[in-house]
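>>> fold the following for me, if possible:
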Amino acid sequence: MSDNSPARHALADLTTLGLGGPAGRLVTAESADDIVSAAHSASRTGEPLLVLGGGSNVVIGDVGFPGAVLLIRSSGVEVVGEHGDEVSVRVAAGHPWDDFVARTVDDGLAGVECLSGIPGATGGSPIQNIGAYGQDVSQTIESVTVYDRTEGEVAVFSPADCRFEYRNSVFKYTDRWIVLDVTFRLRRDPLSGPVGHAELARALGTGPHDRAPLAQVREQVLELRRSKGMVLDPGDPDTSSVGSFFTNPVLSAAAYAELCRRLDGAEPPAWPGADGVMKVSAAWLIEQAGFTPGYAHGAAAISSKHLLALTHRGGGTTGELLELAAEIRDAVHDRLGVTLRPEPVLVGCEF
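Okay, the predicted model is just below:
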């Protein structure tokens, strides 16, 4: 474990947005033991602690973070169990997510292939319950090992303990638990599960709920994500983002009916859920509120490829990005009566 405490460090260099003020100090943890030691030290001294993995789903304020920023840099993938055609694979929290996905495809293990190209570290996957193209990690997570800062001990969470919801979990809005590793239950199979996502199925040329070779699914997902600026590329300013800035709103039956009324009976792109709820396309709502790709506010702009991505074009501030986010949120609410919620975690800022 290394401690880079003598100087203030710009957190902008550690996030995919390229935004964020300075840290009081940086601590790099290369193992689970390092993570526990650093967290225990901060708790003992009362020093504020910010845990940072890949920096791909966080918006850090211009004031930065006054305490210790713990950089999770552990790595490793290990098969820890086999159950017939199913394999349990444990992944260190700091292991790059897409490296893990690529390995599962190469090894003929199905279950996370549709999550290809998502930036960040594996430890962030249960926190956000990351998902794309009909898959999310709650479908394959077997357990999550965490350090409980309140109890001062390591604990293992089952999927039920994690309380997974759409882009949410028990871990998301608290600093109590720090993820040490994640174990996935994957399936030995050269083919994906049934492809239920319409856009991906069209791109693959498959019928509804057909299966496809894992490598083909991965490459098609990467191609779709690149077309939307959702795969990190230093040469593409549209990828300087946190991916989708807003979640797709989940509306009650009454709220959905009110939205349709405001649209003069038109029905937005939506997906039904349990108990009559409807998940509505946030990108479509933003478009209906009058925004177009590339719309800018200072150095912040809507991606030219995807209305849900807010990008930083360089030389700007977190304040500018959040002003743009607030403008979009308020316009959607005023026009359509729906409140958009941010998907990334906000640190030292709000809007």
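>>> what about F184, which SS state?
strand (DSSP: H, G, I helix; E, B strand; the rest coil).
>>> let me know the outermost residue of the chain.
The centre of the chain is farthest from one residue, D264, which by Cα atoms, centre = their mean lies 34.2 Å away.
>>> now A331: closest residue in space that isn't a chain neighbour?
With sequence-adjacent residues excluded and distances taken as Cβ to Cβ, 6 or more residues apart in numbering, A331 is closest to A289, at 4.2 Å. All C-beta atoms are positioned from the backbone trio N, CA, C, and that covers glycine.
>>> residues in contact with that neighbour?
By Cβ atoms under 8 Å, 6 or more residues apart in numbering, A289 lies in contact with 328, 331-332, 334-336.
>>> put the buried members of the residues you listed into a PyMOL selection.
To isolate the buried subset of the contacts of A289 in PyMOL, counting by 16 or more other Cβ atoms under 10 Å, use the following:
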select buried, resi 328+331+332+336
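>>> now the contacts of A289 in JSON lines, with pLDDT and distance to R211?
Putting the contacts of A289 into JSON lines (pLDDT from 0 to 100; distance: Cβ to Cβ, whole Å) gives the following:
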{"residue": "I328", "pLDDT": "98", "distance to R211": "38"}
{"residue": "A331", "pLDDT": "98", "distance to R211": "41"}
{"residue": "V332", "pLDDT": "98", "distance to R211": "37"}
{"residue": "D334", "pLDDT": "97", "distance to R211": "44"}
{"residue": "R335", "pLDDT": "96", "distance to R211": "41"}
{"residue": "L336", "pLDDT": "97", "distance to R211": "37"}
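>>> so which of the contacts of A289 are in helices?
328, 331-332, 334-336 (DSSP state H).
>>> ok, V112 to V280 distance?
Distance, V112 to V280, by Cβ to Cβ, to the nearest Å: 26 Å.
>>> more neighbours, these two?
Neighbour count, other Cβ atoms under 10 Å: between V112 and V280, V112 has more, with 26 against 22.
>>> flag every buried residue along stretch 199-206.
Neighbour count says stretch 199-206 has 200-201, 203-204, 206 buried, by 16+ other Cβ under 10 Å.
>>> from the residues you listed, pick the one nearest G152.
Nearest to G152 out of the buried residues of stretch 199-206 is L200 (Cβ to Cβ; 44.1 Å).
>>> ends of stretch 229-237, what's the gap?
8 Å (Cα to Cα, to the nearest Å).
>>> may I see the buried residues of that stretch?
Applying 16+ other Cβ under 10 Å to stretch 229-237 flags 229-232, 237 as buried.
>>> again, but for stretch 135-150
135-147, 149.
>>> in strands, which of the residues you listed fall?
135-136, 141-147 (DSSP state E).
>>> how about low-confidence regions in this protein?
1-8 (pLDDT under 70).
>>> cutoff 90 now
Within the chain, the stretches falling below the threshold (pLDDT under 90) are 1-10, 196, 207-209, 234, 264-267, 273-276.
>>> the domain parsing of it - what is it?
The chain breaks down into these domains under automatic domain parsing: 2-72, 77-227, 237-347.
>>> and P22, how far from F65?
8 Å.
>>> neighbour count winner among these two?
Taking neighbours as other Cβ under 10 Å, P22 and F65 compare with F65 leading, 22 against 18.
>>> ok, the more buried one to D175 distance?
Distance from F65 to D175, by Cβ to Cβ: 12 Å.
>>> need the residues touching each of these two.
L50.
>>> please name the bridge partners of P22.
Beta-bridge pairing for P22 (DSSP bridges): A10.
>>> got JSON lines for the ones in helices among the contacts of A289, with distance to P293 too?
Converted to JSON lines, the ones in helices among the contacts of A289 look like this (distance: Cβ to Cβ, whole Å):
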{"residue": "I328", "distance to P293": "13"}
{"residue": "A331", "distance to P293": "15"}
{"residue": "V332", "distance to P293": "16"}
{"residue": "D334", "distance to P293": "21"}
{"residue": "R335", "distance to P293": "18"}
{"residue": "L336", "distance to P293": "19"}
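>>> nearest to F164 among those residues?
V332 (26.3 Å).
>>> which non-adjacent residue is nearest that closest one?
V332's closest residue in space is A289 (Cβ to Cβ, 6+ apart), at 4.6 Å.
>>> so where do the strands sit in the stretch 1-150 of the chain?
2-4, 9-10, 22-29, 49-52, 58-60, 65-72, 77-83, 86-92, 109-110, 131-132, 135-136, 141-148 (DSSP state E, counting those that start in this stretch).
>>> how close does the residue nearest to V332 get to S75?
42 Å.
>>> again, but for G84
G84 is 29 Å from S75, by Cβ to Cβ.
>>> quick one: which of the two has more around it?
S75 (17 against 7).
>>> I'd guessed the more buried one sits against A93; true?
No: with contact defined as Cβ atoms under 8 Å, S75 and A93 do not form a contacting pair (9.1 Å).
>>> done for today, thanks.
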